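Trainee: The sequence and its predicted three-dimensional model are supplied below.
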Amino acid sequence: MSSLDPRESQTQDRCFYNRKEKSLGLLCSNFLKLYNHDGVDSIGLDNAAIKLGVERRRIYDIVNILESVGVLVRKAKNQYSWKGFGAIPRALDELKGEIQREKFYTFRCRNSVNVSDENQNGGPSNSKTDRQDKPLALCKVDNRKEKSLGLLTKNFVKLFLCSDVDFISLDTAAAELLGDLHDPTAMRTKVRRLYDIANVFSSMNLIEKIRHPDSGKPAFRWIGLKGSPKNGPATALNLTDSKRRFGTDVTNADLKRYKLESSSDWQLYGKVNEPLPMKPESLKDEYDQKSMEHHLKHGSMDFVYGPFTPASVPNVGVSDNEKVRQIQDWENFASIYRPRYRNQGTF
DNA sequence: TGCTCCCGCCAGGGG
DNA sequence: CCCCTGGCGGGAGCA
């Protein structure tokens, strides 16, 4: 029996085993390299698993995260259609819309503690009430969905979109998503999943890893699409990319460039005075630092339409003035509203 | 030693 | 009933 354990055979040739080669981030890069082309329409999970040489299980992880930001849409069992990075702005807009609705909902039900318990329509709902009204079986389904990687991904993104902070540690994000629950086990599980998401987002260059200047603890900064090079994120199949994975690319010298004004009640960190994102040398040419600095100097946590923004994306058509107004709206919103994104299944 | 996160078990559910 | 789906956490790799 134990001889069938694949891990045992791996152990036998441990010297050939490299954990980084198996990372979800690298797998995501390879996945994108495989499908992020013009003309790609349909994706079969079996096909993807075979081509990438991984188990289906890992494909599910990638696909669920990508679907949460609009890059993929599930068509049928085993089948997804490719939407590409151009679909991200719309997906983010939808998330922002949800935040707005949740805000409105909170305003109306100001005694409600929990803001973001979502129903399947993406709208807010009072989970406790819903749960009381639903048959047990349905609650079970909801419970599972509420804990899904996809929903967690959306809520993780919302933390960036609705906040005026520059970076979030995974611990903080997990605590936010867990709400009032202070269960160490749930916390560990949540952080594990957030690592998965962060790895995928990092490989897409939607976020980047930085370190808290004081504690040195890892945190993540939202870059948005502008962090991605011309034809999508840095693609992999080489290990230099995977080195961008956590920790290895952050130097102490870089840390000193960060200053904090204050920490918020989220234990999130205040605005960065002189934001200089940490990018490995190998990626510097892919990175529009000027644009990032400008963006951050103006204090917007709004994503910026990157080179992928397609003509079909609705917001592309808005005027510059309108864009500025929208950003200002979001800044105002962020300054007064800090919803709590929680996967209620943890209760 | 703590952080990171791969890996695969197994429950749930759709076809 | 089979197989797809994906939550979950043990435990190994790594800095």
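Mentor: That came in fine, so what should we check first?
Trainee: check which helix or strand covers A:Lys75.
Mentor: strand A:72-76 (DSSP states H and E).
Trainee: So which elements touch that strand?
Mentor: helix A:56-68, strand A:79-82 (3 or more C-beta pairs under 8 Å, 6 or more residues apart in numbering; DSSP states H and E). Every C-beta, even on glycine, is put in place using the N, C-alpha and C of the backbone.
Trainee: Point out where the stretch 201-347 of chain A drops to low pLDDT.
Mentor: Within the stretch 201-347 of chain A, the stretches with pLDDT under 70 are A:214-215, A:227-347.
Trainee: what are the phi and psi values for the residue in it positioned nearest to DNA strand B?
Mentor: In the stretch 201-347 of chain A, the residue that lies nearest DNA strand B is A:Pro218 (3.6 Å; C-beta to the nearest atom of the strand). Per-residue torsions, A:Pro218: phi -70, psi 150 (degrees, to the nearest 10).
Trainee: follow-up on the earlier one: of the helices and strands packed on strand A:72-76, which is nearest DNA strand C?
Mentor: helix A:56-68 (4.4 Å).
Trainee: what's the model's confidence in the closest one, averaged?
Mentor: The average pLDDT for helix A:56-68 rounds to 93.
Trainee: right, and A:Ile197 touches A:Thr153 too?
Mentor: Yes: using C-beta atoms under 8 Å, A:Ile197 is in contact with A:Thr153, at 5.2 Å.
Trainee: residues shared between the contacts of the two?
Mentor: A:Ile65 (C-beta atoms under 8 Å, 6 or more residues apart in numbering).
Trainee: Who has more neighbours out of these two?
Mentor: Set side by side, A:Ile197 and A:Thr153 show more neighbours around A:Ile197, with 27 against 22, by other C-beta atoms under 10 Å.
Trainee: quick one: contacts for that one?
Mentor: Taking C-beta under 8 Å, 6+ apart, one finds A:Ile65, A:Leu149, A:Leu152, A:Thr153, A:Phe156 in contact with A:Ile197.
Trainee: Just the pLDDT for the last one.
Mentor: Right, the one you point to is A:Phe156. For A:Phe156, the model assigns a pLDDT of 93.
Trainee: May I ask you to confirm that it belongs to a helix?
Mentor: Yes: membership of A:Phe156 in a helix is supported by DSSP: H, G, I helix; E, B strand; the rest coil.
Trainee: how far away is it from DNA strand C?
Mentor: Between A:Phe156 and DNA strand C the computed distance is 13 Å (C-beta to the nearest atom of the strand, to the nearest Å).
Trainee: again, but for the fourth one
Mentor: From A:Thr153 over to DNA strand C the distance is 9 Å, taken as C-beta to the nearest atom of the strand.
Trainee: export the contacts of A:Ile197 to TSV and tack on distance to A:Ile88?
Mentor: Below are the contacts of A:Ile197 laid out as TSV (distance: C-beta to C-beta, whole Å):
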residue	distance to A:Ile88
A:Ile65	12
A:Leu149	17
A:Leu152	18
A:Thr153	12
A:Phe156	14
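Trainee: any idea which of those is closest to DNA strand B?
Mentor: Nearest to DNA strand B among the contacts of A:Ile197, with distances taken as C-beta to the nearest atom of the strand, is A:Leu149, at 10.2 Å.
Trainee: what's the pLDDT at that closest one?
Mentor: For A:Leu149, the predicted pLDDT is 92.
Trainee: swap in A:Val165?
Mentor: At A:Val165, pLDDT is 76.
Trainee: Quickly find the element holding A:Arg90.
Mentor: helix A:88-108.
Trainee: for stretch A:192-199, what is the average pLDDT?
Mentor: 93.
Trainee: Please point out which parts of that stretch sit buried.
Mentor: Neighbour counts over stretch A:192-199 (16 or more other C-beta atoms under 10 Å) mark A:Arg193, A:Leu194, A:Tyr195, A:Asp196, A:Ile197, A:Ala198, A:Asn199 as buried.
Trainee: In JSON lines: these, plus distance to A:Asp93 and secondary structure.
Mentor: Converted to JSON lines, those look like this (distance: C-beta to C-beta, whole Å; DSSP: H, G, I helix; E, B strand; the rest coil):
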{"residue": "A:Arg193", "distance to A:Asp93": "24", "secondary structure": "helix"}
{"residue": "A:Leu194", "distance to A:Asp93": "23", "secondary structure": "helix"}
{"residue": "A:Tyr195", "distance to A:Asp93": "27", "secondary structure": "helix"}
{"residue": "A:Asp196", "distance to A:Asp93": "25", "secondary structure": "helix"}
{"residue": "A:Ile197", "distance to A:Asp93": "20", "secondary structure": "helix"}
{"residue": "A:Ala198", "distance to A:Asp93": "22", "secondary structure": "helix"}
{"residue": "A:Asn199", "distance to A:Asp93": "25", "secondary structure": "helix"}
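Trainee: Closest one to A:Leu26 out of the residues you listed, please.
Mentor: A:Asn199 (8.5 Å; C-beta to C-beta).
Trainee: The nearest residue to A:Leu66 once chain neighbours are set aside bridge partners, please.
Mentor: Of all residues not flanking A:Leu66 in the chain, A:Leu72 sits nearest, at 4.6 Å (C-beta to C-beta, 6 or more residues apart in numbering). Judged by DSSP bridges, the bridge partners of A:Leu72 are A:Trp82.
Trainee: what do you get for A:Ile168?
Mentor: Going by DSSP bridges, A:Ile168 forms beta bridges with A:Phe220.
Trainee: you'd agree it is up against A:Phe220?
Mentor: Yes: using C-beta under 8 Å, A:Ile168 makes contact with A:Phe220 at a distance of 5.8 Å.
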